[in-house]
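Visitor: below are the sequence and a predicted model for it; my questions follow.
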Amino acid sequence: MPTPVKHVPRAAGFLILVALLQAVACSPTKQRPPNVLLIVLDTTRGDAVSVHGTATGDGLLAPLQRLAQDGVVFSAARTVSAWTLPSHGSMFTGLYPSRHGAHHESHLLRDDLQTLAELLAPTHATAGFSENPHINAHTGFAQGFEVFTEAWRKKRFEPTVVQVRDWLGTRERERPFFLFVNLMDAHLPYRPSDELLQEFLPPGTDPADVQRMRSFSKIDCMKFEAGELRLPEADLAILRALYRAAVRKVEAHVDRLVDLLEQEGELDRTLVIVVGDHGENVGEHGLMQHQFCLYDSLLRVPLVLRLPGVFDGGERRDDPVQVLDLPPTVLDVVGVPRHLWPSFEGVSLLSRDLRPERPIIAEYMRPETERRRFRHGAPDFDFDPLDRRLQSYQVGDLKLIRDDQGRVELYDLSSDPHERTDVSTERPQDVERLSNALDTWLRSRETARTLGEVEMDEETLEELRALGYL
């Protein structure tokens, strides 16, 4: 059932919200502000989507190409953390995880922050549909939504796209809308159709091996990371094919959502944003899924924006951008004057002067939940080396990764895009320069207090266990 969340703005933010409404209503053009559709491709790497590659095997353009042809692709986009909760928090607030509070050590989005839904609520109908059980009212992500649906609860009986279609059919058509949709089919367990899978399997793959790898589970992931399970390259190739086919399945859902907007006559007056929240390790760096590291296999994500008259069709930009740039971009497109914006750490992507030396920063907090998972699934494994905070700081092609145990890594992405060769010992001056810059950034900002874990109902907990989060 959709959860009505008729959120009453806090007194501290009420004047800001009224001012936002007046600023848009008094726009010289007197035009209705555009709709906003934010589609989050959960667990989707930047190198796994068609928009960063070529046409599909049958010569037809894959679904994301449809948006890319009429919009802009940010080919170097990064997220801010390794997993769902912190990355969504940044997409909703324009802040890094340590500021907004939704991460391993807190699990709760700060309720004193103005989310994107709250900022748009005075002018837009707001609705959210989440297939990821982490993104729910308990963790603070329903703030500002008139209707927030935990779509995973009924997805088996009513696909999320159908739930969205029903909401679009019953909305107030005079009002623009802000619609958030999280799509999760790229998450383990990977369940693409045999037809989709055939496009990605190595030639001559034994069907029996495919069937065996289809059952690869979260327990298998832990055993692989603990060194208790070794996978030959042929098995890893099948697993990567399953993952990429699952991503293609998600792209088909994007196509259907775009079709809905066309059918409603709203596509060309809607800012469509398609973005990954984080990537996925499928054996890279000795890891599975999306924890324990800040390598680009997790940080680099797809990002496509489309709105005729605002973004040039077919444009590709390699600016240093991150997912926390989305809230200021949306407010900029909607037409809210910048002096009325809350304090963002992101910047608007309408700007054409993003500096190449702008730092790309990511954070990963100490994963206590993961420790408990390993205690159950791989009890003999020494988890201590993974029980750490991580930060990454990238300027240009140089990327520093540092943990709270004193370990440092440095990668030159121009010659080593897969981060296989740590050059920290060969380039100590670069390590010192980036470390000093990271320290300066850390000292310059406040962080959210740690709030601990959040109480959830048993159905949500069971779904999180099935996905490998608990």
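Guide: Thanks, I have it.
Visitor: where does the chain have low pLDDT?
Guide: 1-30, 51-61, 155-157, 447-470 (pLDDT under 70).
Visitor: return the distance of Val73 relative to Gly313.
Guide: When distance is defined by CB to CB, to the nearest Å, Val73 is 11 Å away from Gly313. To be clear about C-beta, it is placed using only N, CA and C from the backbone, and glycine gets the same treatment.
Visitor: of the two, who's got more company?
Guide: The neighbour comparison of Val73 against Gly313 (other CB atoms under 10 Å) goes to Val73, with 26 against 12.
Visitor: residues touching the nearest residue to the more buried one once chain neighbours are set aside, list them.
Guide: In this structure, Val73 finds its nearest non-sequential neighbour in Arg316, 4.8 Å apart by CB to CB, 6 or more residues apart in numbering. Neighbouring residues of Arg316 by CB atoms under 8 Å, 6 or more residues apart in numbering: 72-73, 75.
Visitor: ranges for the strands of the stretch 151-300 of the chain?
Guide: 177-183, 270-276, 281-282, 288-289 (DSSP state E, counting those that start in this stretch).
Visitor: ok, Ser343 - contacts?
Guide: By CB under 8 Å, 6+ apart, the contact set of Ser343 is empty.
Visitor: no no, Leu398
Guide: By CB under 8 Å, 6+ apart, the contact list for Leu398 reads 410-413, 430, 434.
Visitor: if we go to 7 Å?
Guide: 410, 412, 430, 434 (CB atoms under 7 Å, 6 or more residues apart in numbering).
Visitor: need phi/psi at it.
Guide: Torsion angles at Leu398 (phi, psi; degrees, to the nearest 10) stand at phi -100, psi 130.
Visitor: now it: how far from Ser415?
Guide: From Leu398 across to Ser415, the span is 11 Å (CB to CB).
Visitor: how about the nearest residue to the residue most central in space within the chain, chain neighbours excluded?
Guide: With distances taken as CA atoms, centre = their mean, Asp277 lies nearest the centre of the chain, 1.0 Å away. Computed as CB to CB, 6+ apart, the closest residue to Asp277 that is not its neighbour in sequence is Ser87, at 4.2 Å.
Visitor: who touches Thr43 in this structure?
Guide: Counted by CB under 7 Å, 6+ apart, Thr43 has contacts 186-187, 278, 280, 290.
Visitor: so which of the residues you listed comes closest to Leu95?
Guide: His278 (16.7 Å; CB to CB).
Visitor: ramachandran coordinates for the closest one?
Guide: phi -170, psi 170.
Visitor: any idea how far His100 is from Pro122?
Guide: According to CB to CB, His100 stands 22 Å off from Pro122.
Visitor: just want to know which of those two has more residues nearby.
Guide: Under the criterion of other CB under 10 Å, the comparison of His100 against Pro122 puts His100 first, with 28 against 17.
Visitor: OK, contacts around that one?
Guide: His100 makes contact with 89-90, 93, 109-110, 113, 448, according to CB under 7 Å, 6+ apart.
Visitor: cool, and Gly313?
Guide: Contacts for Gly313 (CB under 7 Å, 6+ apart) come out as 69-71.
Visitor: cool, and Leu113?
Guide: Counted by CB under 7 Å, 6+ apart, Leu113 has contacts 93, 100.
Visitor: got it, and Val210?
Guide: Per CB under 7 Å, 6+ apart, neighbours of Val210: 201, 238.
Visitor: quick check: longest helix of this structure.
Guide: Criterion DSSP state H: the longest helix present in the chain is helix 233-263.
Visitor: name the helices or strands packed onto that helix?
Guide: Helix 233-263 sits against strand 35-41, helix 63-70, helix 160-170, strand 177-183, helix 194-198, helix 207-214, strand 270-276, strand 281-282, with contacts defined as 3 or more CB pairs under 7 Å, 6 or more residues apart in numbering; DSSP states H and E.
Visitor: what's the closest of those to Leu307?
Guide: strand 270-276 (4.4 Å).
Visitor: so which elements touch the closest one?
Guide: Identification of packing neighbours for strand 270-276 by 3+ CB pairs under 7 Å, 6+ apart yields strand 35-41, helix 63-70, helix 233-263, strand 303-306, helix 326-334.
Visitor: by how many degrees do the first one and helix 233-263 diverge?
Guide: When you say that, I think you mean strand 35-41. Orientation check (axes from the mean of the first three to the mean of the last three CA atoms, to 10 degrees): strand 35-41 against helix 233-263 gives 170 degrees.
Visitor: quick one: Leu120 from Pro159, how far?
Guide: Taken as CB to CB, the span from Leu120 to Pro159 is 26 Å.
Visitor: the more surrounded of these two?
Guide: Leu120 (27 against 15).
Visitor: quick one, what contacts the residue nearest to the centre of the chain?
Guide: Contacts of Asp277 (CB under 7 Å, 6+ apart): 40, 42, 79, 84, 87-88.
Visitor: and it, how far from Gly71?
Guide: Distance from Asp277 to Gly71, counting by CB to CB: 19 Å.
Visitor: picking that back up, may I ask which of the contacts of Thr43 has the most neighbours?
Guide: Using other CB under 10 Å as the neighbour test, the contacts of Thr43 are led by His278, with 30 neighbours.
Visitor: that one: what's it in contact with?
Guide: Counting by CB under 7 Å, 6+ apart, His278 makes contact with 43, 79, 81-84, 87, 290, 298, 301.
Visitor: any idea which of the residues you listed is closest to His253?
Guide: Looking across these and measuring by CB to CB, the closest to His253 is Thr43, at 13.6 Å.
Visitor: make sure Phe180 is actually in contact with Leu38.
Guide: Yes: with contact defined as CB atoms under 7 Å, Phe180 reaches Leu38; the gap is 4.8 Å.
Visitor: can you give me the end-to-end span of stretch 413-428?
Guide: Terminal residues of stretch 413-428 are spaced 17 Å apart (CA to CA, to the nearest Å).
Visitor: what lies in contact with it?
Guide: With CB under 7 Å, 6+ apart, stretch 413-428 has contacts from 295-296, 397, 399, 408-412, 431.
Visitor: now the two most distant members of those.
Guide: Asp296 and Val431 (18.5 Å).
Visitor: more neighbours: those two, which one.
Guide: Between Asp296 and Val431, counted using other CB under 10 Å, the more crowded position is Asp296 (25 against 19).
Visitor: ok, back up a step: want to try TSV for the helices and strands packed on strand 270-276, with distance to Pro379 as columns?
Guide: Formatted as TSV, the helices and strands packed on strand 270-276 follow (distance: least, CB to CB, whole Å):
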stretch	distance to Pro379
strand 35-41	34
helix 63-70	42
helix 233-263	24
strand 303-306	40
helix 326-334	41
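Visitor: mind putting those in a markdown table, mean neighbour count and distance to Phe141 included?
Guide: What follows is the helices and strands packed on strand 270-276, written out as a markdown table (neighbours: other CB atoms under 10 Å; distance: least, CB to CB, whole Å):
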| stretch | mean neighbour count | distance to Phe141 |
| --- | --- | --- |
| strand 35-41 | 24 | 11 |
| helix 63-70 | 21 | 25 |
| helix 233-263 | 20 | 19 |
| strand 303-306 | 25 | 20 |
| helix 326-334 | 23 | 14 |
